[in-house]
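Novice: No sequence on hand, only this structure:
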């Protein structure tokens, strides 16, 4: 979409026009609801079953909205506001609905899910974690029951049979990762196994901007045990021994790391390789190990818990229990921390969150901060936004940012601000960027005699309890990231409101203004009083993008406060740079993953054809030849041969895909080097991946022929393991990270041009 079109159609305008009719239909909704008020529960359920059977689309929606409001009011004692009903219609129209924190998105999402189900659709409501999925299903269960819609939730603690049963419901709640993992597991199901995720029809995405934008690039991975030697661990141990002053060079902004000339010589001598020759795999392992040692930090990016590395979800402030880095980076961090190396394995299949979302026929969602990524939602998902005004006007006061010279002066100023509010029993919420910062501030506050609750990845077991009390008089809460916590902060009483309501303090700007807004939005809920202010320092990671900001260090007063408007503008500039970089990486990642996704779908289609017997038997029989076929069928039967062909082809398809996936991942890690040869990385990647994929089916048929040509048959068919066709003894799922430095061409070029 061009600039002129974007100016004419700003985010929210198109979708706003599409549901504008509903704003004029409030009287009709009220009249309809009066018709349902005297109905029994049984009559209401019966009415829901036929609510979409007759009339125009607008008439159907008016009837359903009225019925849904009556159902919610009857079983939850919650009467949806007109603004919530607007959001409901927006979801049923296939848009992303923007509703502020505390405006009732959970109920809106449930009613929309029921609305789709009553139209005969299968619905998945995806959230950011298991806790919210299970909670929301339980909370909204009575509404679904009254409307005659079956509902369930999937979580990581369920057995495979429980999961299959859960997916049979009309509406299924689940985290995006759990549903994605089940889709990957279905990818390798055998002929006697039922599918888990039966249908991907409608998906309603909670925290839509987080899932669709922030987490879109995250690969969901299904891995299997392997006996392959893991050279990454050896490289990690070698890099751990390098002298950081002599062998390693880190850029001034601390975003890239490389070997010096002496470091290159040291590594090449130790490994007996030429790093910048044809050994792209070793180069990738060395780069990962360098990144782990110099740029990945304990208590910021990960924790060490019970002798194991636990990643911190940067956008949630929690331990990412199912997440790990790619094997090379994981091994490097484990070597750095001297903990036991975790099990590695070969990747059996993977797909990004974005690919999973695109596999649904119909996508919609809701969040408190969608307009800021309106262009991205259009570009990557063709989604429009419906902005919903809050039920009560927002009276929160957002103060001007305060910029400080150093981290030390910033933290001292935050403590002073907290102490001043605490003296009046005003509740305070401090949002931090890392575990380390949250603990540093908590320690300073306690030294000042201010008791505080800390909510970070080290202990999030009391999350709901802590947040629920964060609005009480005198409460001080320090948290790493508030987005997606799923619990509102309610003010503790009239005295809290009179004291000014909740004070939200941001200990530094995030890389996205949306995350800033999500933190601010914890104050001023549903017309409550409140205020917010952000404290930033020139030492914050965000400010490393604008090195020129360091010249303002001398302008700080005795407390370190910088009042220069030019310096303040640099904070905004740094954040816009970060947002632009993230969009560029998203676009770059999608361009690489798009072809992989298409190839994956072709393989899945071919595998389904093999499973149901419509593809493979005749081709394999032709390759075997009439004599061999007659021999097998004479000794056994045609059915035994067909079953053997199917089983061997399924194994061969899976084996060939695993090999192709490994090839694509290795190709991508080194593809940016093609720029030096004046090739375009994406074009080179596509050309080579298409070439490697061209022989896929022929290779599968050849593998099947080679086994069947020599196989010993019994009445049970062929002993596949005896012929080397062994499936992994164990499988596991995890999330990984996108390529952490694949676009860092400057560092690669610098190394290649060494003397």
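Specialist: That came in fine, so what should we check first? Predicted model only: the values in this text are computed from it and were never measured.
Novice: From here on, just use CA atoms for contacts and neighbour counts.
Specialist: OK.
Novice: what's near enough to touch the residue positioned nearest the centre of the chain?
Specialist: Per C-alpha atoms, centre = their mean, the C-alpha nearest to the average position across the chain is that of residue 215, at 2.9 Å. By C-alpha atoms under 8 Å, 6 or more residues apart in numbering, the contact list for residue 215 reads residue 353.
Novice: State the distance from the nearest residue to residue 60 once chain neighbours are set aside to residue 40.
Specialist: Nearest-residue entry for residue 60: residue 52, 5.3 Å, with adjacent residues in sequence omitted and distances by C-alpha to C-alpha, 6 or more residues apart in numbering. Residue 52 sits 20 Å away from residue 40, taking C-alpha to C-alpha, to the nearest Å as the criterion.
Novice: Same check on residue 70?
Specialist: Distance, residue 70 to residue 40, using C-alpha to C-alpha: 11 Å.
Novice: between these two, who's got more neighbours?
Specialist: residue 70 (25 against 10; other C-alpha atoms under 10 Å).
Novice: Helix or strand: which one has the more buried one?
Specialist: Assigned by DSSP states H and E, residue 70 belongs to helix 57-76.
Novice: now residue 109
Specialist: Using DSSP H and E, residue 109 sits in helix 105-117.
Novice: Also residue 614?
Specialist: Per DSSP H and E, there is no helix or strand for residue 614.
Novice: What does it show for phi and psi?
Specialist: Main-chain torsions, residue 614, degrees, to the nearest 10: phi -90, psi -10.
Novice: ok, now residue 426?
Specialist: Backbone torsions for residue 426, taken as degrees, to the nearest 10, come to phi -80, psi 130.
Novice: give me the number of residues near it?
Specialist: For residue 426, the neighbour count with other C-alpha under 10 Å is 28.
Novice: Over to residue 473?
Specialist: Neighbours of residue 473 (other C-alpha under 10 Å): 23.
Novice: Am I right that it is in a strand?
Specialist: No: counting by DSSP: H, G, I helix; E, B strand; the rest coil, residue 473 is not part of a strand but coil.
Novice: Would you confirm that it contacts residue 426?
Specialist: Yes: under the criterion of C-alpha atoms under 8 Å, residue 473 makes contact with residue 426 at 5.6 Å.
Novice: my guess is residue 732 is in a strand, correct?
Specialist: Yes: counting by three-state DSSP, residue 732 is part of a strand.
Novice: So it sits against residue 222, correct?
Specialist: Yes: with contacts counted by C-alpha under 8 Å, residue 732 reaches residue 222, the gap being 5.9 Å.
Novice: These two: who's more crowded?
Specialist: Using other C-alpha under 10 Å, the more surrounded residue of residue 732 and residue 222 is residue 222, with 25 against 15.
Novice: what about the more buried one, helix or strand, and which?
Specialist: Element membership of residue 222, judged by DSSP H and E, is strand 219-224.
Novice: what helices or strands is whichever helix or strand comes after that strand leaning on?
Specialist: On the C-terminal side of strand 219-224, the closest following helix or strand by DSSP H and E is helix 231-240. Counting contacts by 3 or more C-alpha pairs under 8 Å, 6 or more residues apart in numbering; DSSP states H and E, helix 231-240 is packed against helix 261-271, helix 280-295, helix 327-337.
Novice: for the stretch 451-600 of the chain, which spans come out with low pLDDT?
Specialist: 457-461, 481-487 (pLDDT under 70).
Novice: Please, where are all the helices along it?
Specialist: For the stretch 451-600 of the chain, the helices defined by DSSP state H, counting those that start in this stretch cover 463-468, 494-498, 513-520, 565-611.
Novice: Including mean neighbour count, could the ones you listed go into TSV?
Specialist: Listed next are the helices of the stretch 451-600 of the chain as TSV, based on neighbours: other C-alpha atoms under 10 Å:
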stretch	mean neighbour count
helix 463-468	16
helix 494-498	15
helix 513-520	20
helix 565-611	16
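Novice: Columns distance to residue 699 on top of these, output as TSV?
Specialist: What follows is the helices of the stretch 451-600 of the chain, written out as TSV (distance: least, C-alpha to C-alpha, whole Å):
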stretch	distance to residue 699
helix 463-468	52
helix 494-498	71
helix 513-520	48
helix 565-611	13
